[in-house]
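**Q** 3D model of this:
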Amino acid sequence: MKYIGIDVAKDSHMVCVLNEQKEKLQTFKIKNNHLGILEFQKKLDKYDTQFKIGMESSGVYHHGILYHLHKKYPDVSVINPKRTKAHRKSLGFEFKTDKIDSYIISDYVKEKDLSDNILPDKYPLLKQLCRTRTKLIRQQTRLKNRIKGDMHIIFPEYSKCFSDMFGKASLEFLKKYTDLNQINRLTEQEIRDYLIKSSKNVSYNHAKKILLSAKETFGIPKPGMDVEIKLAIENIQLLDKQITFLENKIDYHFDKIFNPLAEVAGLNKIYAAGIIAETGDIDYFKNRDQYYNFTDFVPRFAQSGNFESKFNHINKCGSSYLRHYFFQSAISLKRFNSYFMNLFIKKHTIEKKSKDEAHVYCAKKLCHIVFKLLKSKTKFCPDKLAQ
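**A** Modelled structure (predicted):
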């Protein structure tokens, strides 16, 4: 058996080969293309043995070489960089070079059991669609925060004129009217007529609030900021269309697979799709604790002598998307599901946990439910929830 560590980069990769005695047989660099893969195979063909190959998860850079190596070599693992960083410290390396990194990865492959690192995607299309939607929503949130900041400078009272500043009528009004002098020249009827073109859920009260706020505003003129707001609103509206398109795609593909979470009251269908897609093949998990560890909602813990930490952050080594789906689902379930509402009240009000801690407890319970339903291939039964 030979152990191979690959230090992944954008244009080229450093490869280190170790034997059973941890002796370095060779170190070489390959290009990130088809010729590089052929050179990699040629270098390894002289060894008449099996190979265990490992590489760090490196954002977008490891996907190409991982895909092509999987065609030729069955035992290829992707390693969390936090694990190799801890392994580096245990080996006592102070310097960092590509050659050293590839050696550390190959040594890690030799020392550790990486069978659990090989988790093939069961629903790759659904997984990518859910991740893309999450990215677009985060982009949209950043744009909304930018608009809030800009409006706080030029017209801080505007946010109080609507229950939702980013409703359809409000955004259409801001696209055309951000200059205070221009707003002050309008009448209540003109403002209402313009708002009602975008949404019928407006009244004279909205127009009156806008006009009074504009006359008494504490905002200051800021040339050019109106253009920035208009462009941001256009981007938000474009993202709305793209998110709707993705949600329709997710619905279409999610309806084709077994969904045991359909009957969970208060659970968003999109988040349910994300959870099942990120989980992949449930048969890779032997018990619910192993699955819970996979979600990385496990809180960190520190204890020494008589000291025991009370305020602990959750461990963040796994998929941030899976954590996001579980956490957001917990917030939704707390509002619309009586069992999770009571669980949240118990943790937050009675046991004096913080809101985030109480939400994590709800997410943990949801983890156990998801594992049991996927493992048993049964649908959710509300009567068994408290068990």
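
**Q** can you give me the domain boundaries for the protein?
**A** By the assignment in automatic domain parsing, the chain contains the domains 2-117, 126-251, 269-384.

**Q** quick check, P260 in a helix?
**A** No. P260: not assigned to a helix; according to DSSP: H, G, I helix; E, B strand; the rest coil it is coil.

**Q** JSON lines for the domains of the chain, including mean pLDDT and mean neighbour count?
**A** C-beta coordinates here come from the backbone N, C-alpha and C atoms, glycine included. Formatted as JSON lines, the entries for these read as follows, by pLDDT from 0 to 100; neighbours: other CB atoms under 10 Å:
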{"stretch": "domain 2-117", "mean pLDDT": "91", "mean neighbour count": "16"}
{"stretch": "domain 126-251", "mean pLDDT": "92", "mean neighbour count": "16"}
{"stretch": "domain 269-384", "mean pLDDT": "85", "mean neighbour count": "16"}
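
**Q** distance check, Q139 against D255.
**A** The spacing between Q139 and D255, counted by CB to CB, to the nearest Å, is 27 Å.

**Q** for the residue sitting nearest the centre point of the chain, grab phi and psi.
**A** When the chain is reduced to its mean C-alpha position, the closest residue under CA atoms, centre = their mean turns out to be Y321, at 2.7 Å. In terms of degrees, to the nearest 10, the main-chain angles of Y321 are phi -70, psi -40.

**Q** ok so, going back, got the domains of the chain as a markdown table, with distance to E263 columns?
**A** Output for these, formatted as a markdown table (distance: least, CB to CB, whole Å):
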| stretch | distance to E263 |
| --- | --- |
| domain 2-117 | 31 |
| domain 126-251 | 17 |
| domain 269-384 | 4 |
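
**Q** out of the ones you listed, which gets nearest to N259?
**A** Using CB to CB as the measure, domain 269-384 is the one of these that comes nearest N259, at 6.5 Å.

**Q** which stretches of the stretch 1-150 of the chain form helices?
**A** 34-44, 62-72, 81-91, 98-111, 124-154 (DSSP state H, counting those that start in this stretch).

**Q** next: the stretch 251-387 of the chain.
**A** Per DSSP H, counting those that start in this stretch, the stretch 251-387 of the chain carries helices over the ranges 269-279, 288-295, 320-336, 338-345, 355-376.

**Q** ok, the residue nearest to A273 when sequence neighbours are not counted - contacts?
**A** Using CB to CB, 6 or more residues apart in numbering and skipping the chain neighbours, the partner closest in space to A273 is F254 (4.3 Å). Going by CB atoms under 8 Å, 6 or more residues apart in numbering, F254 touches L126, K269, A272, A273, I276.

**Q** of the residues you listed, closest to N80?
**A** I276 (22.4 Å).

**Q** hang on, the closest one packs against L374?
**A** Yes. The pair I276 / L374 is scored as a contact, 7.3 Å apart, by CB atoms under 8 Å.

**Q** does D101 really touch V8, like I thought?
**A** No. Contact status for D101 versus V8: not in contact, 9.4 Å apart, counting by CB under 8 Å.

**Q** Q21 versus E111, what's the distance?
**A** When CB to CB is the yardstick, E111 and Q21 sit 13 Å from each other.

**Q** same deal with N205?
**A** Counting by CB to CB, the separation of N205 from Q21 is 81 Å.

**Q** likewise S77?
**A** From S77 across to Q21, the span is 21 Å (CB to CB).

**Q** ok so, going back, format the helices of the stretch 251-387 of the chain as JSON lines; extra columns: distance to S199.
**A** Below are those laid out as JSON lines (distance: least, CB to CB, whole Å):
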{"stretch": "helix 269-279", "distance to S199": "24"}
{"stretch": "helix 288-295", "distance to S199": "40"}
{"stretch": "helix 320-336", "distance to S199": "25"}
{"stretch": "helix 338-345", "distance to S199": "32"}
{"stretch": "helix 355-376", "distance to S199": "33"}
